[in-house]
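Trainee: next comes the sequence, and after it the predicted model I'd like to discuss.
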There are 2 protein chains.
Amino acid sequence: MALVNENFLKLPGSYLFSDIAKKVNSFKVTHPKQDIIRLGIGDVTRPLPEACLEAMHKAVNDLSKAETFRGYGPEQGYDFLIEAIIKNDYAPRGIHFSNSEVFVNDGAKSDTGNIGDILRHDNSVGVTDPIYPVYIDSNVMSGRAGELDIESGKWSNITYMPCTSENNFIPQIPDKRIDIVYLCYPNNPTGTTLTKAELKKWVDYALENDTLILFDAAYEAYIQEDDVPHSIYEIKGARKCAIEFRSFSKTAGFTGVRCGYTVVPKELTASTITGERVELNKLWNRRQSTKFNGTSYITQRAAEAIYTPEGKKQIKENIDYYMTNAGIMKEALESSGLTVYGGVNAPYLWIKTPNNMSSWKFFDQLLYEANIVGTPGVGFGPSGEGYLRLTAFGERENCIEAMRRIKNWL
Amino acid sequence: MALVNENFLKLPGSYLFSDIAKKVNSFKVTHPKQDIIRLGIGDVTRPLPEACLEAMHKAVNDLSKAETFRGYGPEQGYDFLIEAIIKNDYAPRGIHFSNSEVFVNDGAKSDTGNIGDILRHDNSVGVTDPIYPVYIDSNVMSGRAGELDIESGKWSNITYMPCTSENNFIPQIPDKRIDIVYLCYPNNPTGTTLTKAELKKWVDYALENDTLILFDAAYEAYIQEDDVPHSIYEIKGARKCAIEFRSFSKTAGFTGVRCGYTVVPKELTASTITGERVELNKLWNRRQSTKFNGTSYITQRAAEAIYTPEGKKQIKENIDYYMTNAGIMKEALESSGLTVYGGVNAPYLWIKTPNNMSSWKFFDQLLYEANIVGTPGVGFGPSGEGYLRLTAFGERENCIEAMRRIKNWL
């Protein structure tokens, strides 16, 4: 009798973004003439950089002739892309990797979800709260999260580290040992960052406690301020305790093209139950060789083009566009009397709901009274209650119009 | 203290195709002037069909303009592709699915590897032997395979169903209950098939024993004979017991483009430990929504183009080319005195080694005496011992030259 993985049944039936979609649909049915502005889901809207488009046309042409045809590529990614990554994303910051420490993938979601494959099912897990739901849901699926307490919205084997305005969105270092800690900086959903000094505390904690840090840097390209680390490997010792996830989705508009990468340094080890140290790089390599067959050749050529002089210029233009949106939105929201976080080193605005309103109530009011779709903060975890996320990935005029509506409404 | 998944450590350190690569490299070092013909790895060599190339150029152009830009797509795949799949691959055979029963992916390897996520870690597993190594290795990683017996090459919790010339490569229905059975037809590596009547026995077994069949039909486009099922859903009752994996890799030369799909019918359920039935479609949907972010838009447009009249004609030309190779090879090998299986409904030739030579010895001799790279059958499982696989995916002249060399050598 085939048995299901019952951990899946512990997951709440509904999913944040489908709940939102349902609410938006009922609004549309009852208000068919209203023009809705969607600032909810963190998806880009600008076309791909010209350098990437050219590289993709060329890659498609490569596949049109037997002499230049490419079949199966390395599961770990092509060297042409891995070398561009190392040379451009790390070497200028004094960080050096060999090619076999970088794994190209079809997007950070896959790898942040699948990384648990190489880790024991009973490691304890820590997350900053609020957080990207994939970290928790993938641990629920593997049984690592324990049981859900409906009232608190918390899983029994997960340590939640609140990040709210009370602590200036800086998670407190735990006073106990946690095996695996997820950190995402610049943060989704709050848009906040850690300074080097703050991140160093985490690396020190991890080295002392033999904790594995899973560092999601999907938004690093949006960093504007100097003291904010782009990579956890800027911190000494991080190669011994951290895996870093990067994505081209927000860097270069690849949400539909699908490419990212994961860095697993050779120095990074974890333990067997008897205390033997095991290189995680080897395990991840084995995982990817067995359960992944490489990223599309065309996609990898597009990603390589990001690192050309033209590509760099073009992605900067797109990022500047979104960050200008963020600046406009932040200023308008604040001048509307709202308290807003993020938006400086990340394309996310994290708004405190007025009058301690609940996240969902503010979401509903925003939808019905200003016809704007945001994301209720509580959807990202218990400490997101009382907040709402807006993204700066929209078109400029929509962002401006949305801010005008909020100003008139409040 | 972060702990590793120790199941990974049970996997043998070396991997079949890297062992082969090492042997080929040493040969090249000692014989730098010899011209090697590679018929080992099952990778295509023909350029992509024109219809796919055109569709990809057009899709790249879609991403160049804000009005036609596509960001995140549905994790399950775009309806335009799902509808083309249902209409062309299933409806003509009288099989009907709703869109939500088809999941587009980045290739069958990912899904055949990841499907175990939704199943309990202690289900028993059955495989035909020899077999595609991913089925077993992914079960080793999840702990489902048990322990390896070095001598026999078998895992303790896996039931091996030998497929050899003795039983005409038709696996015997097990005399005990097995929870999950992997079937791959047309078969990789043997190139053999099951008739509808033979496959029906498996569906009947599965329905009687509440067994889940994981049916890999990656090579169905190569079927030439009438009585060979293209889909397990041609067999009555299969929707209640089988998941089907399909791939565009061999159908349309997509090994570097990355696309396939998985069918999980709504009627298909498995059990909780207390006997409650659970729809696997729901679990797989949740798995994909959490740990996958959809297949490249460009890739999906290319796959859609396979189903146009031009696309169908062009992929048939490529398949005919490879199957003509297979026919030429089969005839030449047989006239060289070898016993050969497969090659009729699949692009694989499964050669009995002469004089009961071991797979690796025959591999070495073929490399050193005819300068041809094959794949030793034992690399696919214990019952592959005494066989060697050649693929028909090479260029015509290389296939002919390889056969000439074998004839002269034997």
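Mentor: Ah, there it is.

Trainee: in the stretch 251-400 of chain A, what residue lies closest to chain B?
Mentor: A:Lys291 (3.2 Å; Cβ to the nearest Cβ). All C-beta atoms are positioned from the backbone trio N, CA, C, and that covers glycine.

Trainee: what does the helix or strand hosting A:Asn285 rub up against?
Mentor: Per DSSP states H and E: A:Asn285 is located in helix A:280-291. When contacts are defined by Cβ atoms under 8 Å, 6 or more residues apart in numbering or on different chains, helix A:280-291 is touched by residues A:75-76, A:100-101, A:103, A:105, A:114-115, A:117-118, A:212, A:243, A:262, A:264-266, A:268-270, B:4-5, B:8, B:11, B:15, B:109-110, B:113-114, B:133-134, B:137-138, B:141.

Trainee: all helices for chain A, in order.
Mentor: A:16-30, A:50-62, A:79-85, A:108-114, A:133-141, A:196-209, A:249-252, A:280-291, A:297-305, A:309-335, A:359-370, A:396-409 (DSSP state H).

Trainee: chain B contacts on the stretch 251-400 of chain A?
Mentor: Residues of the stretch 251-400 of chain A found near chain B (Cβ under 8 Å from any Cβ of the partner chain) are A:253, A:255-258, A:270-273, A:278, A:280, A:283, A:286-287, A:289-299, A:395.

Trainee: I meant the stretch 51-200 of chain A, not that one.
Mentor: Residues of the stretch 51-200 of chain A lying close to chain B (Cβ under 8 Å from any Cβ) are A:53, A:56-57, A:60-61, A:63-66, A:69-73, A:106-107, A:109-110, A:113-114, A:117-123, A:133-134, A:137-138, A:141, A:177, A:179-180.

Trainee: mind listing the strands for the stretch 151-300 of chain A?
Mentor: Using DSSP state E, counting those that start in this stretch, the strands found in the stretch 151-300 of chain A span residues A:154-155, A:158-162, A:180-184, A:212-216, A:242-247, A:260-263, A:269-271, A:277-279.

Trainee: ok, residues contacting the shortest one?
Mentor: Yep, that's strand A:154-155 we're talking about. With Cβ under 8 Å, 6+ apart, strand A:154-155 has contacts from A:136, A:139-140, A:145-149, A:160, A:382.

Trainee: for the residues you listed, give me JSON lines that also has pLDDT, neighbour count and distance to B:Ala326.
Mentor: Shown next, in JSON lines, are the contacts of strand A:154-155 (pLDDT from 0 to 100; neighbours: other Cβ atoms under 10 Å in any protein chain shown; distance: Cβ to Cβ, whole Å):
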{"residue": "A:Ile136", "pLDDT": "97", "neighbour count": "25", "distance to B:Ala326": "49"}
{"residue": "A:Asn139", "pLDDT": "98", "neighbour count": "25", "distance to B:Ala326": "47"}
{"residue": "A:Val140", "pLDDT": "98", "neighbour count": "24", "distance to B:Ala326": "47"}
{"residue": "A:Ala145", "pLDDT": "97", "neighbour count": "23", "distance to B:Ala326": "50"}
{"residue": "A:Gly146", "pLDDT": "96", "neighbour count": "18", "distance to B:Ala326": "53"}
{"residue": "A:Glu147", "pLDDT": "96", "neighbour count": "11", "distance to B:Ala326": "55"}
{"residue": "A:Leu148", "pLDDT": "96", "neighbour count": "17", "distance to B:Ala326": "54"}
{"residue": "A:Asp149", "pLDDT": "95", "neighbour count": "11", "distance to B:Ala326": "60"}
{"residue": "A:Tyr160", "pLDDT": "98", "neighbour count": "21", "distance to B:Ala326": "58"}
{"residue": "A:Pro382", "pLDDT": "96", "neighbour count": "16", "distance to B:Ala326": "60"}
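
Trainee: could these go into JSON lines alongside distance to A:Thr391?
Mentor: Output for these, formatted as JSON lines (distance: Cβ to Cβ, whole Å):
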{"residue": "A:Ile136", "distance to A:Thr391": "21"}
{"residue": "A:Asn139", "distance to A:Thr391": "25"}
{"residue": "A:Val140", "distance to A:Thr391": "26"}
{"residue": "A:Ala145", "distance to A:Thr391": "27"}
{"residue": "A:Gly146", "distance to A:Thr391": "31"}
{"residue": "A:Glu147", "distance to A:Thr391": "32"}
{"residue": "A:Leu148", "distance to A:Thr391": "28"}
{"residue": "A:Asp149", "distance to A:Thr391": "30"}
{"residue": "A:Tyr160", "distance to A:Thr391": "24"}
{"residue": "A:Pro382", "distance to A:Thr391": "22"}
